[in-house]
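**Student:** how would this look folded up:
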Amino acid sequence: MSRAIKTQLVKYSRLAHERGLTAAFGGNLSIRKGNLVFIKATGAVMDDMTAEQVAVIDMSGRQVSGVRPSSEYRLHLAIYERRPDVKAIAHLHPPYSIVASTLVEGELPIITPEAEIYLKRIPIAPFRPAGTQELADIVAKSVCHSDAAIMANHGIVTVGKTLREAFYKAELVEESAKLWYLSRKA
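**Tutor:** Have a look, this model is predicted:
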């Protein structure tokens with residue numbers, strides 16, 4: 001079981017980098033299985049991640065594996081606590097979404113029918129320092145009634161019943177931000 005989960009995390013981590021949704025050390029993905037959370041290890045780089053760079057923690061944040069979890073593990077745990085229906089989370093740093101977060105307050109306007117169907121709304125959570133419980137709490141609150149949120153000056157979070165679903169919602173958030181940004185210039 002854990003081997004299949006780690007394989008998924010590696011696959012979608014590399015795909016996120018290939019598609020320009022994150023760069024360098026930024027971003028992390030996770031999958032919840034029962035009381036365990038599989039998440040990118042601290043210091044791992046998305047485009048060359050390996051199964052050995054997947055950390056495992058329990059829902060209280062206790063490290064179960066030999067590698068330390070991403071500094072954003074609190075963010076993932078807070079969302080899983082508030083949203084028991086969520087089984088996977090994508091936290092990425094796509095450029096248009098970050099730029100939009102500096103220009104829009106409240107919510108990113110929904111432009112396409114696809115975004116309306118799959119996302120419904122894209123709230124923008126106010127800035128809080130990365131890796132903090134403050135950030136975890138404010139973002140978890142933002143995704144209580146949404147499957148996506150943009151974090152001001154930081155990146156995005158999307159959730160799903162599978163990692164595939166969370167990943168493609170992340171692509172949809174970035175497409176929405178890009179279309180919104182380009183429509184401002186028209």
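**Student:** what is the closest residue to Leu163 other than its chain neighbours paired to in the beta sheet?
**Tutor:** Leaving aside its chain neighbours, Leu163 sits nearest to Ala88 (4.0 Å; criterion: CB to CB, 6 or more residues apart in numbering). (C-beta placed from N, C-alpha, C; glycine too.) Beta-bridge pairing for Ala88 (DSSP bridges): Ile31, Gly160.
**Student:** residues touching the closest residue to Gln63 other than its chain neighbours, list them.
**Tutor:** Using CB to CB, 6+ apart and skipping residues adjacent in sequence, the residue nearest Gln63 is Ile57, 5.6 Å away. Taking CB atoms under 8 Å, 6 or more residues apart in numbering, we find Ile57 in contact with Leu36, Val37, Ile39, Gln63, Val64, Ser65, Pro69, Tyr73, Leu77.
**Student:** check what contacts the helix ranked longest in the chain and list those residues.
**Tutor:** When the chain is parsed with DSSP state H, its longest helix is helix 163-185. With contacts defined as CB under 8 Å, 6+ apart, helix 163-185 is touched by 8-9, 12, 15-16, 19, 21, 29, 31, 88-90, 92, 94, 96-97, 99-100, 103-104, 108-112, 114-115, 118-119, 122, 147-148, 150, 156, 158-160.
**Student:** wait, Glu81 touches Ser60, no?
**Tutor:** No. Judged on CB atoms under 8 Å, Glu81 makes no contact with Ser60 at a distance of 10.3 Å.
**Student:** neighbour-wise, which of those two wins?
**Tutor:** Glu81 (12 against 7; other CB atoms under 10 Å).
**Student:** what helix or strand is the more buried one located in?
**Tutor:** Using DSSP states H and E, Glu81 sits within helix 73-82.
**Student:** now do that helix: which elements does it pack against?
**Tutor:** Helix 73-82 sits against strand 28-33, strand 36-40, strand 54-58, strand 88-92, helix 133-142, strand 155-160, with contacts defined as 3 or more CB pairs under 8 Å, 6 or more residues apart in numbering; DSSP states H and E.
**Student:** angle of it against strand 54-58?
**Tutor:** Counting by axes from the mean of the first three to the mean of the last three CA atoms, to 10 degrees, helix 73-82 lies at 50 degrees to strand 54-58.
**Student:** low-scoring stretches of the protein, by residue?
**Tutor:** The chain contains residues with pLDDT under 70 at 1, 186.
**Student:** centroid-nearest residue for it?
**Tutor:** His91 (1.8 Å; CA atoms, centre = their mean).
**Student:** surely that residue and Val157 touch.
**Tutor:** Yes. Counting by CB under 8 Å, His91 touches Val157, with 5.0 Å between them.
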